[in-house]
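A structural model of the following input is requested.
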Amino acid sequence: MGLLKDIYSDRVLTPLGVDAYHITTLYAYWREGRASADYATYAFGRKEPQNGGFGIVAGVETIVELLNIWKESGFTQHNIDRLRSIRTSTGKQKYPDEFLHWLQHDLKKDFAKIRIDALPDGSVFFPQEVVARFQGPIGAVKLLESPDLCFHNGKIATVTRAARIMLALEKEHESGSPKGRASVQGLRRGSSLGSAIESSIDAEMGGFTSTSTGAAAELFGQVWAGTMDHAWVQNHDFELSDIPLAEFFRMEEAGEIKKLQKALTRDAFRSYAFAHPDDGILLCDTYDPIQGIDNAITVIKELRALGHGGNYGVRFDSDDLAKYSLIALRKFVEAGFAPGFDATRLATISDEDLLKEAAPLCNVLVAPADGLDEYSIGKMRAQGAYHGPHGVGTSISHVPPVGIVFKSSAIEIFNDDMEPTGELRSTMKICVEAPAKSSNPGVLDMRRYYNEDSTIAFSVIYDVRYGLDEQGRAVSAKDFSKEITIGDMPYKDALVPMIDANGDTVYEWPQRPRFPGSTEMTTDKAAQNKFVRAELATLPAALKEIYPAADDVAKDQLLRWFKHAQKAGESTFEVSVDALTEMLPPPVAKMPVYFDYKLMEHRRACEAQHLHRAGSAGIGDFNERYEP
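Below is the predicted model:
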């Protein structure tokens, strides 16, 4: 907890921080006398994020924090003044004072009545599954919709991307490429300071081990990591001068400070090593990367001769990163940085064998950083890259939001005298012209079923009011013509109470102890990553495969053929559909998701009622319920 208050102003964290239609419809509900009607809604996704087989839940803690803030502050006077100032096109006050008084003084009571049940942060999820269920007074619940989708869509995207990158880094490769770790290097790529800080935090939950963003490190106890920049090298006379490092230390001990300072300005690598003798990474490709490797080796040897440099390495951020890593490894072995390996074998050993035999012994690391994502990392490791820490920037700080949506599923019935009855009427979105965007009715929950090896077999969505079908029947969410009967299988009810019916926060997130710079107890994202890893272990291996999107591969190949034809001066070029098809990656496996038979029957009845009210003929036999 504490993320929102640590990053954002109180002026932002108010119930006015929502889309405008939540205020316009809230006023209309208030005019109807239904602003406090009991209401159920749920969040779900229509397709897997990032062309993968799964998503990782994130953002639940943040929406709980925001709701608790609203319980305390409600609509502020600034909010009310802004709403009072709004005029209609005829010049009238859009929101009357009576409504504004209700917003400021009475709505806080409704915030305290909201119940949230959700998949805990770090859980895996799949299309159509219930990510979170909200129930309580409709006016208060609806105000949470936009911020919840903001949190869920942004954070799920970042945590899922981080988890996919870690899968690429930790996969066993026949090439012998060592497993790696990842650091967030995305502040300069972020869309704002707040988003950069949040992406650092979320990436740690996904498995990253450090960040270059100082504010994230200070506020949330993350490991702060960084190297040097090209400007550092450029702003010295030489990458490496002819004065040995020992002479720098001698000048310091002798008090020859001006002479020392002058010498430091002439030598980028030794000056950095002099300032950071125990830990450092030298950037080798400002000028000539091969010479940069040799210069770095010289400095690391000098450091170690002086009893320093135990945790040192080199970095590349341009050109062929895998190639340079293998050149560096070979040179490191030749320099004696792989104790126990016979360096006389270098003349005859292949890169592949060198990687397998010498890399585990080498005590100097190589850090790549250039447009890295799960695809480029996987490709480099398949090629046999010798990489350790990976600096990931743009791909983790600019992750397209995922498609989580919020849909109404039940609302309280009022009698003819407009008195609440306490009973809920199911509601759903049908969308005759785009039925893939339909939603489910009811107060929804979900049960996960498991294989004998403890991997997830499938999940079943059901309405808690009716329970599960006694015969175990369920209908495929992807194809309504397919039905299964569930036998005796291990299962777990997936949704967990976050805020109970009394308005109390009952879920406990792992907390880091206080640390220098912290303002309050903060969530331990490294501990959450252990949960993420446990969740990923429940996935069948096929769902964790990482393939680029087939459309992207096809577009890239067509562009290559086009450029080749253009360069050759040809006005046309032929496309072989068979050849192009062979180039496409295999489809990513999908997790089966089912609707409980009772829910399916209720869904059909609800759909018929809604279509009757709309005067529509319906959608006919439509099976596909996922977005194409």
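
tell me how far the helix or strand containing residue 551 lies from the chain's centre.
Residue 551 belongs to helix 550-567 when assigned by DSSP states H and E. How far helix 550-567 lies from its chain's middle: 30 Å, per C-alpha atoms, centre = their mean, to the nearest Å.

pull out the buried residues from it.
By neighbour count on 16 or more other C-beta atoms under 10 Å, the buried set for helix 550-567 is 550, 561. C-beta here means a position set from N, CA and C on the backbone, and glycine is covered the same way.

which residues touch that helix?
Contacting residues not belonging to helix 550-567 are listed as 572-573, 575, 580, 583-585, 587 [C-beta atoms under 8 Å, 6 or more residues apart in numbering].

now distance to residue 470 and secondary structure too, for these, in a markdown table please.
Shown next, in a markdown table, are these (distance: C-beta to C-beta, whole Å; DSSP: H, G, I helix; E, B strand; the rest coil):
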| residue | distance to residue 470 | secondary structure |
| --- | --- | --- |
| 572 | 65 | coil |
| 573 | 62 | coil |
| 575 | 55 | coil |
| 580 | 50 | helix |
| 583 | 50 | helix |
| 584 | 45 | coil |
| 585 | 43 | coil |
| 587 | 36 | coil |
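
ok, and the most crowded of those residues?
Greatest neighbour count in those, by other C-beta atoms under 10 Å, goes to residue 584: 16 neighbours.

any idea how far residue 363 is from the residue nearest to that residue when sequence neighbours are not counted?
Spatially, and ignoring its direct neighbours in sequence, residue 584 is nearest to residue 550 (4.6 Å; C-beta to C-beta, 6 or more residues apart in numbering). Relative to residue 363, residue 550 is positioned 42 Å away (C-beta to C-beta, to the nearest Å).

try residue 400
Distance from residue 400 to residue 363, by C-beta to C-beta: 39 Å.

please say which of those two ends up with more neighbours.
Set residue 400 next to residue 363 and count neighbours by other C-beta under 10 Å: residue 363 wins out with 16 against 11.

that's a strand at the more buried one, yeah?
No: counting by DSSP: H, G, I helix; E, B strand; the rest coil, residue 363 is not part of a strand but coil.

distance check, it against residue 208.
Residue 363 sits 23 Å away from residue 208 when distances are taken as C-beta to C-beta.

backbone phi and psi for residue 281, please?
For residue 281, the backbone dihedrals (degrees, to the nearest 10) come out as phi -130, psi 130.

now for it, how many residues are close by?
25.

isn't it right up against residue 316?
No: counting by C-beta atoms under 8 Å, no contact exists between residue 281 and residue 316, whose distance comes to 10.3 Å.

wait, residue 61 touches residue 510, no?
No: under the criterion of C-beta under 8 Å, residue 61 makes no contact with residue 510, lying 10.5 Å away.

settle it for me: which of the two has more neighbours?
Ranked by neighbour count (other C-beta under 10 Å), residue 61 and residue 510 place residue 61 first, with 24 against 12.

kindly state the pLDDT recorded for that one?
For residue 61, the pLDDT comes out at 96.

secondary structure class for it?
Put simply, residue 61 is helix when judged by three-state DSSP.

quick check: buried residues in the biggest helix by length in the chain?
Looking across the chain with DSSP state H, the single longest helix is helix 138-170. Going by neighbour count (16+ other C-beta under 10 Å), the buried part of helix 138-170 is 138-169.

kindly report the same for stretch 501-508.
Buried-residue list, stretch 501-508, by 16+ other C-beta under 10 Å: 503, 505, 507.

contacts for that stretch?
Contacts of stretch 501-508 (C-beta under 8 Å, 6+ apart): 64, 68, 71, 111-115, 120, 496-500.
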